[in-house]
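Chemist: quick check, what structure comes out for this input:
(4 chains, ligands or ions: 6)
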Amino acid sequence: MKKLINDPQDVVAESVEGFGLAHADVVAVHADPLFVARAGGAVRGKVGLVSGGGSGHEPLHAGFVGVGMLDAAVPGAVFTSPTPDQIAPAIAAADGGAGVLTIVKNYTGDVLNFETAAELAEADGVTVRQVLVNDDVAVEDSLYTAGRRGVAGTVAVEKIAGAAAERGDDLDAVAALAQRVVDDVRTMGLALTACTVPHVGKPSFDLADDEIEIGIGIHGEPGRARVGLEGADALTEKLLTPVADDLALTSGDRVLLLVNGMGGTPASELYVVYRRARALLSERGVEVTRSLVGNYVTSLEMQGASVTVLRLDDELTALWDAPVHTTALRW
Amino acid sequence: MKKLINDPQDVVAESVEGFGLAHADVVAVHADPLFVARAGGAVRGKVGLVSGGGSGHEPLHAGFVGVGMLDAAVPGAVFTSPTPDQIAPAIAAADGGAGVLTIVKNYTGDVLNFETAAELAEADGVTVRQVLVNDDVAVEDSLYTAGRRGVAGTVAVEKIAGAAAERGDDLDAVAALAQRVVDDVRTMGLALTACTVPHVGKPSFDLADDEIEIGIGIHGEPGRARVGLEGADALTEKLLTPVADDLALTSGDRVLLLVNGMGGTPASELYVVYRRARALLSERGVEVTRSLVGNYVTSLEMQGASVTVLRLDDELTALWDAPVHTTALRW
Amino acid sequence: MTLDAAWAVDWVRRSAATVAEHRDELVELDRQIGDGDHGENLNRGFAAVVAKLDALEQPPATPGDVLRLVATTLMSTVGGAAGPLYGTAYLRASKAGATDALGAAAVVAMLESALEGVVARGKASAGEKTMVDAWTPAVAAAVEAADHGAPPSAVLAAAALGARDGAQATVPLVATKGRASYLGARSAGHMDPGARSSQLLLEAAAEAAADAD
Amino acid sequence: MTLDAAWAVDWVRRSAATVAEHRDELVELDRQIGDGDHGENLNRGFAAVVAKLDALEQPPATPGDVLRLVATTLMSTVGGAAGPLYGTAYLRASKAGATDALGAAAVVAMLESALEGVVARGKASAGEKTMVDAWTPAVAAAVEAADHGAPPSAVLAAAALGARDGAQATVPLVATKGRASYLGARSAGHMDPGARSSQLLLEAAAEAAADAD
Ligand SMILES: Nc1ncnc2c1ncn2[C@@H]1O[C@H](COP(=O)(O)OP(=O)(O)O)[C@@H](O)[C@H]1O
Ligand SMILES: Nc1ncnc2c1ncn2[C@@H]1O[C@H](COP(=O)(O)OP(=O)(O)O)[C@@H](O)[C@H]1O
Ligand SMILES: [Mg+2]
Ligand SMILES: [Mg+2]
Ligand SMILES: [Mg+2]
Ligand SMILES: [Mg+2]
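Modeler: Numbering: from 1, shown residues only, chains lettered A, B, ... in the order given. Ligands and ions are numbered 1, 2, ... in the order given. Modelled structure (predicted):
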């Protein structure tokens, strides 16, 4: 295993420390328990937004802390959800008196730890609501799974809920908007290579040189199926089609198209995927009115990409366009 | 070779096409010959800024086209400098009547092609000045080399020259400022893995699992030396020390610290490097007053990082802070 | 024969030792059908429990006190799915163990409470390829042993054997809860890491009890 | 014997063929001490030259016309260091070849001009491990052959041999120009890709001339 790290046990703490030093104008790092809050603290009267999860998905979530998006992010160990005793103080730090919405990716560990944390925070008098993100169409949402996973669509949920909170919506309204995004966003991803969790020291799965893993999550889990090596256009179709079908997109729909890198894929390849995804949407009569291309929800150094589509209306578009000032998204 | 591409010959064109579609609010892609210009075209009366070079270093340079930075970027084939017949029209497109500064990384190919293009453009009546970026301390600037290479420091040159042009400086003044940045910026990089150029189909060099290549450039060239696997803190010291020594940094200096990813390294590792580089500077009494951490000048999917330091004064700081609206840098 | 706080402390120390010893195995099991962190997470958690135990000024008075310390420490250091699941299991068990010394019936009650805690948090039932598949036969075996008049150490020995069989039986199952469920049919053919760690923990309990005898 | 436009066209077609054939070898040489694009770049360039030749309505009148087409096409399609270097070489050569038919002296002048072009652009002298190290002995051999009264085809044959020796002689050199110079002493032990491609191009010229005889 080759990584730019020191002791594998210290990666998260050291990395978040560096993050805090580099971006002291935007964030304030709380070291023990570890969480990242907005510089300047909670905003009086504004609904607080807290997210978190295992580390290794950078810039998610700490990169989305700042004006117009999250108030706090809670990084767990690599690919391991954070613990309630980290999350609860982050919720408290994010509370400006108008309650806190937690944005939780749908994994058993995240759900359980955020649930406990919310109980603790509520016991301390904070009103907490939760939205579960489950945009990954690779997993069937059925009796036979823990439900669809939360992946790159989380960025859209955090951005739009963040804008709603910033404009002064109350907790119910922010939660309802976040849920609308969850309802209208879908993602599917693939991997060309596995990734190596520092404390594991070897790749998360074994993939031959001519194999591609389709339907991966963001934790280096193996995907649903393996296919042979194909061109980017063909692979993109394998991602976009189930996403567009699941959303039942029809001619005239306007969408946000997010092509997300898994961490180790060059930007140039993401744009090749974007080009094809956009053409496929266009063939369906769907108009891409907003775009995002880059590494937003990663799996360490995994090579691969995911395609996310969010159905837009005027309100969601306006909230997407609203100013944001975080380290990873800014406009 | 596993890549999200179609025909290796088409990567650059397809990727730049996707880039243009995704960012039509910021850039306009000219397809034949291939170059990327600001949406809206040249700004009347403003000095034009043009850069370019081989592709594979994304977001450099196209990601830095926009208000406050470049007017045009010219992407060559992967790791191959563009040709004069691409560069000359880009220079023409960037000219708002106040002349054009070309920002050229110091590689024989780039120098020769930009030289020829400048002659062509001048023959068409455009005043052209050039600044050569050569920040890579891994290469001795001596009779025995083609001179130091231009690497990640290019971002600082483009940002600061861009801000100077935007505030209305004339061509000589913009060129002089760009040269000041060149004089005061130094970089050193390392690789954990090689990268694979699409048309080559195999890694640019062979590196054992316990070897690190120190003093790499950004073209997948082998570096100056190989060392064994070490922790991030020790490796960071190997990068920062020659940079700080070459700049002759002394106590009280203020600097911009840029930790740049080579494309395949997770953000978390870059922050681990940043943390250590900052501590080492602090030990020398040097204050980091501006920071940038991320993938800015890459080598395709190479895993590795470079450390860049730019000595700042009030003017350079103000120009660094000036508004910028490109796809890769925005504030 | 009853089991007291010293037994509980011994159980915890043996748990930490066996988890450390099997860390890589648990990581590898989780790498196969999950995300490869189970061994690391549990190891971090039990190391923290031992550190807390070592730092106590007074030894804990009851098994329940020990288990409560385990519960809160795992909850705050393990993370992932296993953190809250084991946390709740130990928390519920600590309530059942809140007397000076546990007889066979109290041991059974403690194990039943632990299983209830896992089920209450995780909402899995037997056959879904989770730690429930180790705890369910463990509790059943413990009940049967106690019904036959076995002493606490034998009850725990039976529970450990039940857990071992249960963990083994997860191999062919297709997961429908937890991270392994994302793999669908590809999850079959691998032992569930949480079931395996449950087996290790119950074996540690039985060994500590055998030593206490 | 003289060499006309038809010879020049044949040279170009043979150049394209040999560059295509040796593309991977040139890529590999460049991968060792450069950035692995030399074979790809030249191949792209010569393919473009042939396409342009094929598209001409009128065949070119003089060798100079052909070489001018090569020059401008390489300049606009090859990129990298080799594009401008070969572009200038062919441009200068085209001026020396601006008559209907080239005798031995004109061939020498053409080769000398090409070398001058490379040196004027690249500022390298012999021994720096660049294409100059192929062209310098090639020109010397051509001069000597012409001085001994050799016909154009023999002059080119001598040049090709000189280039071959020159390319071979780059192997032990430490590069001090171009991308290989970044490697310092590690550049020794590999043939310079540009010297090798220069050899291939001059061999193509000699073969076309031998055929024209
Ligand atoms: N809903 C559930 N009910 C009971 N046990 C579960 C449930 N989900 C997961 N588990 C157990 O948790 C184990 C995984 O723990 P761990 O790897 O630490 O967490 P994570 O899956 O968050 O990485 C699984 O092997 C399984 O035994
Ligand atoms: N200054 C120079 N003078 C002459 N030839 C040079 C010079 N620099 C490089 N070359 C030649 O160019 C060749 C490399 O060409 P190529 O790989 O196409 O360009 P690049 O180095 O830009 O990738 C080298 O092998 C060498 O022969
Ligand atoms: Mg986990
Ligand atoms: Mg090149
Ligand atoms: Mg796990
Ligand atoms: Mg080259």
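
Chemist: every contact and neighbour count from this point should use C-alpha atoms.
Modeler: OK.

Chemist: close to chain B: what parts of the stretch 1-150 of chain A are there?
Modeler: For the stretch 1-150 of chain A, the contact set with chain B under Cα under 8 Å from any Cα of the partner chain comprises A:1-7, A:11-12, A:14-19, A:21-23, A:56, A:58-59.

Chemist: and residue A:65, how far from residue C:67?
Modeler: With distances taken as Cα to Cα, to the nearest Å, residue A:65 is found 37 Å from residue C:67.

Chemist: give me the more crowded residue out of these two.
Modeler: residue A:65 (32 against 28; other Cα atoms under 10 Å in any protein chain shown).

Chemist: state the pLDDT value of that one.
Modeler: In this model, residue A:65 is scored at 98, pLDDT.

Chemist: quick one: contacts for it?
Modeler: Neighbour list for residue A:65: A:26, A:27, A:36, A:37, A:38, A:71, A:72, A:73, A:326, A:327 [criterion: Cα atoms under 8 Å, 6 or more residues apart in numbering or on different chains].

Chemist: how about the helices in the stretch 201-331 of chain A?
Modeler: For the stretch 201-331 of chain A, the helices defined by DSSP state H, counting those that start in this stretch cover A:232-246, A:267-283, A:314-321.

Chemist: about what we covered before: most neighbours out of the contacts of residue A:65, which is it?
Modeler: Within those, most neighbours by other Cα under 10 Å means residue A:72, with 35 neighbours.

Chemist: for it, report the pLDDT, please.
Modeler: The model's pLDDT for residue A:72 equals 98.

Chemist: quick check: closest non-adjacent residue to it.
Modeler: In space, and not counting its chain neighbours, residue A:72 is closest to residue A:37: 4.2 Å by Cα to Cα, 6 or more residues apart in numbering or on different chains.

Chemist: what are the pairing partners of the helix or strand hosting that neighbour, and which direction each?
Modeler: In this structure, residue A:37 sits in strand A:35-38 according to DSSP states H and E. Next to strand A:35-38 in the sheet, as set by DSSP bridges, lie strand A:27-30 (antiparallel), strand A:72-78 (antiparallel).

Chemist: how close does the residue nearest to residue A:72 sit to ligand 5?
Modeler: Here the distance between residue A:37 and ligand 5 works out to 27 Å (Cα to the ion, to the nearest Å).

Chemist: in this structure that residue contacts residue A:92, no?
Modeler: No. Between residue A:37 and residue A:92 there is no contact under Cα atoms under 8 Å: 10.6 Å.

Chemist: export stretch C:152-172 to CSV, keeping only CA atoms.
Modeler: Below are the C-alpha coordinates for stretch C:152-172, written out as CSV (Å, rounded to 0.1, in the frame of the first residue of the first chain):
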residue,chain,number,x,y,z
PRO,C,152,-23.3,-20.3,34.5
SER,C,153,-20.0,-21.4,33.0
ALA,C,154,-21.7,-24.3,31.2
VAL,C,155,-24.4,-22.0,30.0
LEU,C,156,-21.8,-19.7,28.5
ALA,C,157,-20.0,-22.6,27.0
ALA,C,158,-23.2,-23.7,25.3
ALA,C,159,-23.9,-20.2,24.1
ALA,C,160,-20.4,-20.0,22.6
LEU,C,161,-20.9,-23.3,20.7
GLY,C,162,-24.3,-22.0,19.5
ALA,C,163,-22.7,-18.9,18.3
ARG,C,164,-20.0,-20.8,16.5
ASP,C,165,-22.6,-22.9,14.7
GLY,C,166,-24.6,-19.8,13.9
ALA,C,167,-21.6,-18.0,12.5
GLN,C,168,-20.7,-21.0,10.3
ALA,C,169,-24.3,-21.2,9.1
THR,C,170,-24.2,-17.6,7.8
VAL,C,171,-21.7,-18.7,5.0
PRO,C,172,-24.3,-19.9,2.4
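
Chemist: tell me the average confidence for it?
Modeler: Stretch C:152-172 carries an average pLDDT of 98.

Chemist: also stretch A:146-166?
Modeler: Computed over stretch A:146-166, the mean pLDDT rounds to 96.

Chemist: same check, this time on stretch C:86-104
Modeler: If you average the pLDDT over stretch C:86-104, you get 93.

Chemist: just the buried residues of that stretch, please?
Modeler: Neighbour-count burial for stretch C:86-104 flags C:86-99, C:101-104 (criterion: 16 or more other Cα atoms under 10 Å in any protein chain shown).

Chemist: still on that earlier bit, please identify the most buried of the helices of the stretch 201-331 of chain A.
Modeler: Of the helices of the stretch 201-331 of chain A, the one with the most neighbours on average (mean count of other Cα atoms under 10 Å in any protein chain shown) is helix A:267-283, at a mean of 24.
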